[in-house]
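Visitor: Coordinates only, no sequence provided:
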């Protein structure tokens, strides 16, 4: 059964662009065009525990690190900066590291699986991707950049799970899949790209072409032990596409999950990787699940059952029209610029 647990008044002074729950689902981080990041208890009162100020522009996205590294949160902004915050208590936060080596807005951040250490990927409108790695012994950060990753700009970034497909299901699966770091990115060139770390540098491994407009979000599904991996991509072309690989990640096939009524802004997998949340310019949130026949069906919000539908289910209608963030504007999108929101859901928010 899908149900609304709680509504939180963030008291941000401008549009909220992103919200993310921590690993345990207890702390909620939000970020806004007012330049701040706020921390809340997800299941207690609605008052902010802390307000983090360090950006001089709209903050597009936040991301939590694995708790084995402590309470660490990353934020990225239109001011071209990435800030990594650390707390000793939910109310006490300090700036751990600031990265300012991008030439334009930083649109997306994502921490790598904990097996790889404390590593953060950053996607920017300058067309490049940065990978920041912390030496935990000395507290020093090293940065590697993927230049010209996407023409015009990179909108979204997501890490491949560290776990390889289970050899019990497929004897061809090898341990090298677990050892190699991979990223997926989506950009203004309508492309989805998969990147692989190769001897201290990043190389383009696959270029996935199916979208006809800007790719707004990408999300690599958590590994659930099957001899395949899946990526979801959302686009300005109103499509969500599911990309599926074979066991050794050498081939990818695509299938359209659904054609929506407006641009699709954000997608997020459940922690078990079998439910996908989709948000878009129609101000709807819909949940989708793959059937045993391989068909994607929408989960009915009222009853919790899975039904086949041509339209995403309406959960919440915005009370006011929202202005499109500057780094997301596109000349052909002028008819949508008054009511598109770049909000997102954390995967911890989804039930199975």
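Guide: The structure has been received and is ready for your questions. Note that this is a predicted model, so its numbers are computed, not measured.

Visitor: Report the strands that pair with the strand or helix carrying residue 18, each with its relative direction.
Guide: Using DSSP states H and E, residue 18 sits within strand 16-21. Strands that pair with strand 16-21, judged by DSSP bridges, come out as strand 27-32 (antiparallel).

Visitor: quick one on the thing from earlier: what comes up buried for the strand holding residue 18?
Guide: 16-21 (16 or more other Cβ atoms under 10 Å). For the C-beta atoms, the positions are set from N, CA and C on the backbone; glycine is no exception.

Visitor: Now compare those and name the two farthest from each other.
Guide: With Cβ to Cβ as the measure, no two of those lie farther apart than 17 and 21, at 15.7 Å.

Visitor: Just confirm residue 261 contacts residue 238, I think it does.
Guide: Yes - the criterion here is Cβ atoms under 8 Å, and residue 261 meets it with residue 238 at 7.1 Å.

Visitor: Look at those two and report which has more neighbours.
Guide: residue 238 (19 against 12; other Cβ atoms under 10 Å).

Visitor: I'd assumed residue 260 was in contact with the more buried one.
Guide: Yes - if you go by Cβ under 8 Å, residue 238 and residue 260 touch, sitting 4.8 Å apart.

Visitor: residue ranges with poor pLDDT in the stretch 151-300 of the chain?
Guide: Residue ranges of the stretch 151-300 of the chain with pLDDT under 70: 163-179.

Visitor: All the helices of it, in order from the start?
Guide: For the stretch 151-300 of the chain, the helices defined by DSSP state H, counting those that start in this stretch occupy 176-179.

Visitor: Which parts of it are strands?
Guide: Here the stretch 151-300 of the chain has its strands, by DSSP state E, counting those that start in this stretch, at 154-159, 182-187, 191-198, 201-209, 215-220, 230-235, 239-245, 252-259, 264-269, 275-280, 285-290, 296-299.

Visitor: could those be laid out in CSV, adding mean neighbour count?
Guide: Putting the strands of the stretch 151-300 of the chain into CSV (neighbours: other Cβ atoms under 10 Å) gives the following:
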stretch, mean neighbour count
strand 154-159, 26
strand 182-187, 25
strand 191-198, 20
strand 201-209, 14
strand 215-220, 26
strand 230-235, 26
strand 239-245, 21
strand 252-259, 16
strand 264-269, 24
strand 275-280, 24
strand 285-290, 20
strand 296-299, 20
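
Visitor: now those strands as TSV including distance to residue 34?
Guide: Formatted as TSV, these follow (distance: least, Cβ to Cβ, whole Å):
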stretch	distance to residue 34
strand 154-159	22
strand 182-187	26
strand 191-198	32
strand 201-209	34
strand 215-220	22
strand 230-235	26
strand 239-245	30
strand 252-259	33
strand 264-269	20
strand 275-280	21
strand 285-290	23
strand 296-299	34
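
Visitor: re earlier: identify the contacts common to residue 261 and residue 238.
Guide: Counting by Cβ atoms under 8 Å, 6 or more residues apart in numbering, the residues touching both residue 261 and residue 238 are residue 280.

Visitor: on that earlier part again, intersection of neighbour lists for residue 238 and residue 260?
Guide: Taking Cβ under 8 Å, 6+ apart as the contact rule, residue 238 and residue 260 both touch residue 280.

Visitor: so what's residue 110 up against?
Guide: The contact partners of residue 110, taken as Cβ under 8 Å, 6+ apart, are 63, 120-121, 157-159.

Visitor: Now it: which helix or strand?
Guide: Following DSSP H and E, one finds residue 110 within strand 106-111.

Visitor: How far away from the center of its chain is that strand?
Guide: Its chain's C-alpha centre and that of strand 106-111 lie 8 Å apart, by Cα atoms, centre = their mean, to the nearest Å.

Visitor: Show me what the helix or strand that it is followed by is packed against.
Guide: On the C-terminal side of strand 106-111, the nearest following helix or strand under DSSP H and E is strand 119-124. Helices and strands touching strand 119-124, by 3 or more Cβ pairs under 8 Å, 6 or more residues apart in numbering; DSSP states H and E, are strand 82-89, strand 106-111, strand 129-135, strand 154-159.

Visitor: got the contact list for the residue nearest to residue 79 when sequence neighbours are not counted?
Guide: Distances taken as Cβ to Cβ, 6 or more residues apart in numbering place residue 57 nearest to residue 79, at 3.8 Å, with adjacent residues excluded. Counting by Cβ under 8 Å, 6+ apart, residue 57 touches 35, 77-79, 105.

Visitor: how far away is residue 57 from residue 236?
Guide: To residue 236, residue 57 is 23 Å away according to Cβ to Cβ, to the nearest Å.

Visitor: got it, and residue 74?
Guide: Distance, residue 74 to residue 236, using Cβ to Cβ: 25 Å.

Visitor: follow-up on the earlier one: so the residue nearest to residue 79 sits in a strand?
Guide: No - counting by DSSP: H, G, I helix; E, B strand; the rest coil, residue 57 is not found in a strand; it is coil.

Visitor: Got the confidence number for it?
Guide: The model reports residue 57 with a pLDDT of 96.

Visitor: do the one 4 residues further on as well
Guide: In this prediction, residue 61 carries a pLDDT score of 98.

Visitor: got it, and the one 3 residues further on?
Guide: Each residue has a pLDDT score; the one for residue 64 is 98.
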